[in-house]
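1. Kindly return the folded structure for what I paste below:
(chains A and B)
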Amino acid sequence: MLAELGIQGTEELFTDVPRKVRLGRLGVAAALEERDVVRAVDTILDRNKPYSKFASFLGGRIRTPYTPAALDAILLRSEFYTSYTPYQPEASQGMLQSLFEFQSLWVELSGMDAANASLYDGATAAAESLLLCHRVHPGHRFLIPASLPWEERSILENYAAGFDIRIESVPFDPRHGTLDLDALRASVAKGDVFGMLADVPNGFGLLDEGLPELKGILGTVPLLVSADPLALSVVEAPGNWGADIVVAEGQGFGIPPSFGGPLVGLFGCRRELLRYSPGRIVGATRDAEGRRAFTLTLQTREQHIRRSRATSNICTNQSLIALAFVVYASLVGPKGLAALQTSLSEKAHTLAAALGGIEGLASPRFDAAYLDSFALAVHPGTAVEFLDRLRRRRVLGGHPLADPRPGAATGEQLILTGVSESTDEKAIQKYAKAARAAASAGRSP
Amino acid sequence: MTFRQARYDEPPIWEIRPPAPDTPAPVLDAVPERLRRRSAVRWPELSELEVVRHYTRLSQMNFGIDTSAYPLGSCTMKYNPKVSEQLARRRSAAELHPYQPVETVQGALEVIWRLERLLSKVTGMPEISLQPAAGAHGEFTALRMVRAYFEERGELAQRTEVLLPDTAHGTNPASAMAAGFVTREIPSKDGCVDLAELKSAVTEKTACFMLTNPNTAGLFETQIPEIAETVHAAGGMLYYDGANLNAILGITNPGRMGFDVAHLNLHKTFATPHGGGGPGAGVLASVDRLAPYLPVPRVVKRGRKFHLDYDRPKSIGKIKTAYGNFGLDLRAYVFAISHGEAGLNAISRRAVLNANYLGKRLGKFLPRPFRTLVKHEFLLSGAPLKAQGVRTLDLAKRLLDEGYHAPTIYFPALVEEALMIEFPETESRRELDGFAEAFERAVHDTPENLHAAPTSLSVRRVDEVRAARELLLSWKDLRSPPPESRPTGNLQGAPPVRPGA
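-> Predicted structure coming up:
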């Protein structure tokens, strides 16, 4: 190849790089053979203690699901995982049809008119949707529940930072833990609201009976709902109680948490919002012989065509995890999803009761309905200290809800606790025993 | 080679065993009555075999790097090593919840810390964050940080503009808009930034100039020292779009070139799989003056222990749930230590050799718009074919029939009927020669055959205009088409833009 180019060495291909910016060497270690790479990486990874080695009650938006073997077998089809964004539809019908099925599933679960082919995660899907609300409705105020996890609020604030937007919390009822609707009415009446986010379950794991009233309070202001996909097997589709946009974190559908990524953001909306919506969308069409085919569509909203007037900057999304979502749902089936949610709910209620009588703990902290996660309050002592004592007894008892940034956390010491398929009676008793000891240690001086 | 893709006529999954509509949903007592789902989720109940067969068949109607070379310019479609897939699936990597106590995730934090140190050397920049999910997410995060920086200095009201060359990836202006800036395009001269135009555009309003180097024409911006000096003299920041990093590993780096903040795409240069469009992993690298604004938490090492540090008062906060796409970061780390110093240095030399070799061969068939010494990718113009009524789109579709994925087409926009071709270092001379021969056959084929392509894939030419007109976006739409959609014939229209960034 050098000879065809009439050069002696590859160095001659870099004569256009000015000498003053040239490097000597990178300064990284020498290459390793594959077996040594495996050994080195395993040595590091062995310093982890996977949750599966504990009695684990980590829950919330990121779950610890079982991954069916058949799901991983599909994800390892390298025609899927080594492919690029399906810009050439004729060469990519497999991924396009899978994504069309994924969109269809989210439409059925959410009750929306249309869905896209995924965003980065549930929180960024909510943040993109905040900007969508801002595009379609006048106003400067965006309302969120005060119970929203701090991370999600921070992400919303960053996406809103470039615009004249104020994000304001709607307080929760201190006993029920659900939205204070009188406070919401008063806030909306002040005007200038362009959108509201509600979540189901909320940041405390609760099902808010007031949700069907939100749209009536908001009127023409868009209602954005963040909904857990598994919960939607038994909870009414938000599209049937007034949602204009429904987003979700979809990782719980069989995708291992992998320390928080990759996740998958689901997005659906009403038809009239579609042209202002973010992300790639697959549509059904025909080929030149009239056969059914699929292709990316509505691309004139996207950055590669519309540039600075695009509805979002997103390019890479989470297609492979979207595929995992629809494969998981198809393996488990709608009856299996509802049965799973039912089983998790029963375990969570057993756990809450087992922790309920322990002095120094309020379990559950709030009295609204919940499914598989609920908030615990610890007093005295901090949530972090309490969880640390549990960990020493081989129990991962949940995660603290407070913002860990110095100076940010105030108020009650709350923990979000959740169950998974692997939770059994033995694990619940182990948690109760460890919690009794930990709460007691928290009370001693 | 004679290429044939599988053609199964595989129906959508709900047609395998259609579920009955309006089946009552199971009742869970824990759900308050007014929130209970009335109709069960409408989705089929299938056996494991039915699901596996369905998606296996679909997979066989899809190009991937493992089956076909994928010369998409600016996408860096290199081989994704299998060992990375194996290690990312270890229980000790996959079964980690991001909110586990730090004592239980020391290995994961070590992987992040080690990868950050390594990428600091690759970029020549001291501080790294792995939190962004993808390249565009990194761009947005960086501009959000630039915003916070100028806000703190009281200059935000004044610094409202983000400048970018007319060859910039579409994500650059879109990210600038999302971060609340106004964009201004700098015209190119001979495929590179016109320094005189840049000098006249840079003012006290300039917040940032976004540049990829080498640029999307595959050309190294030789005037980069002067560009950096110009932007910095006006008090602006210089942003490096790392989509094209595969051209310069060990040759130069954004730190040495004078950039202040950069993103890398681990799904390009560091070979994590693209997954049909994602997930990716976007790295953010920054110089010291912007580092305080990086997202929290930062991974720090104190003694022998790793911690998540949230005590960064100037930080913009969070940009994504948890800490980024750890599963991809781990794959990138595996790729990096597998290559080591010599291997990483060899990557760009080979990728650039591939581009120049193939550019020379293909330059015999179609014109090359700018200078011919290129970096990792090169441009051709399909304009001469227009006289026979053939468009670049037709050529792209014809290449699919040869068993090659099409190049990126119609990008950058300053080249008429552009084809942007990148064969990363993992592709052999045999593959390059095969592509050159396929390209020659395609260019010399009859207009009738080119218009009819592709013929050997699971479907023939797909009607994208009809898709945009009918907007059938889900099974629900197929059951009852939405009001605005109406039946249309096979409409002809201008070929769509297809950048691969």
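
2. I figured A:His432 hits A:Ala353, correct?
-> Not His; residue A:432 is Ala. No. Using CB atoms under 8 Å, A:Ala432 is not in contact with A:Ala353, being 9.4 Å away. Quick note: C-beta positions are derived from backbone N, CA and C, even for glycine.

3. With adjacent residues omitted, what lies nearest to A:Ala73?
-> Closest residue to A:Ala73 apart from its sequence neighbours, by CB to CB, 6 or more residues apart in numbering or on different chains: B:Val52 at 6.7 Å.

4. related to what we said a few turns ago, tell me which of A:Ala432 and A:Ala353 has more neighbours.
-> Neighbour count, other CB atoms under 10 Å in any protein chain shown: between A:Ala432 and A:Ala353, A:Ala432 has more, with 20 against 13.

5. in the sheet, who's paired with B:Asp241?
-> On the basis of DSSP bridges, B:Asp241 is bridged to B:His263.

6. Which residues are in contact with it?
-> Counting by CB atoms under 8 Å, 6 or more residues apart in numbering or on different chains, B:Asp241 touches B:Gly135, B:Glu139, B:Ala168, B:His169, B:Thr171, B:Asn172, B:Met210, B:Leu211, B:Thr212, B:Ala262, B:His263.

7. again, only using 7 Å
-> Shown in contact with B:Asp241 (CB atoms under 7 Å, 6 or more residues apart in numbering or on different chains): B:Glu139, B:His169, B:Asn172, B:Met210, B:Leu211, B:Thr212, B:His263.

8. Could you give the number of residues near the residue lying closest to the first one once chain neighbours are set aside?
-> Right, the one you point to is B:Glu139. Nearest residue to B:Glu139, sequence neighbours excluded (CB to CB, 6+ apart): B:Ser175, at 3.8 Å. When neighbours are counted by other CB under 10 Å, B:Ser175 registers 35.

9. Also B:Arg4?
-> Neighbours of B:Arg4 (other CB under 10 Å): 12.

10. what pLDDT does it get?
-> In this model, B:Arg4 is scored at 87, pLDDT.

11. that's a strand at it, yeah?
-> No. Counting by DSSP: H, G, I helix; E, B strand; the rest coil, B:Arg4 is located in no strand; its state is coil.

12. Please verify my assumption that it contacts B:Ser456.
-> Yes. The pair B:Arg4 / B:Ser456 is scored as a contact, 5.2 Å apart, by CB atoms under 7 Å.

13. Chain neighbours aside, what residue packs nearest to the residue in the stretch 201-350 of chain B positioned nearest to chain A?
-> Closest contact between the stretch 201-350 of chain B and chain A, by CB to the nearest CB, is at B:Ala322 (2.4 Å). Closest residue in space to B:Ala322, ignoring its immediate chain neighbours: A:Gly260 at 2.4 Å, by CB to CB, 6+ apart.

14. Check B:Ala133 too.
-> B:Ala133 sits nearest to A:Tyr120 (CB to CB, 6+ apart), 3.9 Å away.

15. Look through chain A and tell me its longest helix.
-> helix A:319-356 (DSSP state H).

16. strands paired with whatever helix or strand comes next after it, and their directions?
-> Toward the C-terminus, helix A:319-356 is succeeded by strand A:361-362 as the next helix or strand (DSSP states H and E). Strand A:361-362 sits in its sheet next to strand A:373-378 (antiparallel), going by DSSP bridges.

17. Going along the chain from the strand it pairs with, find the next helix or strand for me.
-> Counting by DSSP H and E, the next helix or strand C-terminal to strand A:373-378 is helix A:383-392.

18. Can you give the distance from the helix or strand following that next one to the centre of its chain?
-> Note on helix A:383-392: by DSSP H and E, the next helix or strand toward the C-terminus is strand A:395-396. Distance of strand A:395-396 from its chain centroid, counting by CA atoms, centre = their mean, to the nearest Å, is 22 Å.

19. Average pLDDT for strand A:395-396, rounded please.
-> Per-residue pLDDT over strand A:395-396 has a mean of 98.

20. for stretch A:234-250, same thing?
-> For stretch A:234-250, the mean confidence score works out to 98.

21. got the end-to-end distance for that stretch?
-> Taking CA to CA, to the nearest Å, stretch A:234-250 runs 16 Å from one end to the other.

22. can that stretch be found next to chain B?
-> Yes. Stretch A:234-250 comes into contact with chain B (CB under 7 Å from any CB of the partner chain), by way of A:Val234, A:Val235, A:Glu236, A:Ala237.

23. What helix or strand is the residue nearest to B:Gly124 when sequence neighbours are not counted located in?
-> Leaving out its chain neighbours, the residue that sits closest to B:Gly124 by CB to CB, 6+ apart is B:Gly255, at 2.5 Å. Secondary-structure assignment from DSSP H and E places B:Gly255 in helix B:254-257.

24. next one: that helix to chain centre, how far?
-> The answer for helix B:254-257 is 22 Å, by CA atoms, centre = their mean.

25. contacting residues around it?
-> Outside helix B:254-257, the residues touching it (CB under 7 Å, 6+ apart) are A:Val21, A:Leu23, B:Thr123, B:Gly124, B:Met125, B:Asn213, B:Ile224, B:Ala228, B:Tyr240, B:Ala262, B:Ala285.

26. Most neighbours among these, which one?
-> That'd be B:Ala285 among the contacts of helix B:254-257, by other CB under 10 Å, with 31 neighbours.

27. tell me the contacts of that residue?
-> B:Leu119, B:Thr123, B:Met125, B:Ile128, B:Pro254, B:Ala262, B:Leu264.

28. just A:Glu128 next, same as before
-> Residues near A:Glu128 by CB under 7 Å, 6+ apart: A:Leu119, A:Pro278, A:Ser312.

29. Buried ones only from those, please, as a ChimeraX command.
-> Selection of buried members from the contacts of A:Glu128 for ChimeraX, criterion 16 or more other CB atoms under 10 Å in any protein chain shown:
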select /A:119,278,312
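
30. just the contacts of A:Glu128 now: which is nearest chain B?
-> Nearest to chain B among those, counting by CB to the nearest CB, is A:Ser312 at 6.9 Å.

31. Strands of the stretch 201-350 of chain A, start to end?
-> A:206-207, A:223-227, A:245-249, A:265-269, A:281-286, A:292-297 (DSSP state E, counting those that start in this stretch).

32. Redo these as JSON lines? Include mean neighbour count.
-> Shown next, in JSON lines, are these (neighbours: other CB atoms under 10 Å in any protein chain shown):
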{"stretch": "strand A:206-207", "mean neighbour count": "24"}
{"stretch": "strand A:223-227", "mean neighbour count": "26"}
{"stretch": "strand A:245-249", "mean neighbour count": "30"}
{"stretch": "strand A:265-269", "mean neighbour count": "31"}
{"stretch": "strand A:281-286", "mean neighbour count": "25"}
{"stretch": "strand A:292-297", "mean neighbour count": "25"}
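
33. Mind putting those into CSV with distance to B:Ser200?
-> As requested, those are exported to CSV (distance: least, CB to CB, whole Å):
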stretch, distance to B:Ser200
strand A:206-207, 59
strand A:223-227, 44
strand A:245-249, 43
strand A:265-269, 42
strand A:281-286, 40
strand A:292-297, 38
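
34. Of these, which is nearest B:Gly180?
-> Proximity to B:Gly180 (CB to CB) singles out strand A:223-227 among the strands of the stretch 201-350 of chain A, at 20.5 Å.

35. Is chain B within reach of that closest one?
-> No. Strand A:223-227 stays clear of chain B (CB under 7 Å from any CB), getting no nearer than 11.0 Å.

36. Buried residues, whichever strand or helix holds B:His232. List them.
-> Taking DSSP H and E as the definition, B:His232 sits inside helix B:224-233. For helix B:224-233, burial by neighbour count (16+ other CB under 10 Å) applies to B:Ile224, B:Glu226, B:Ile227, B:Ala228, B:Thr230, B:Val231.
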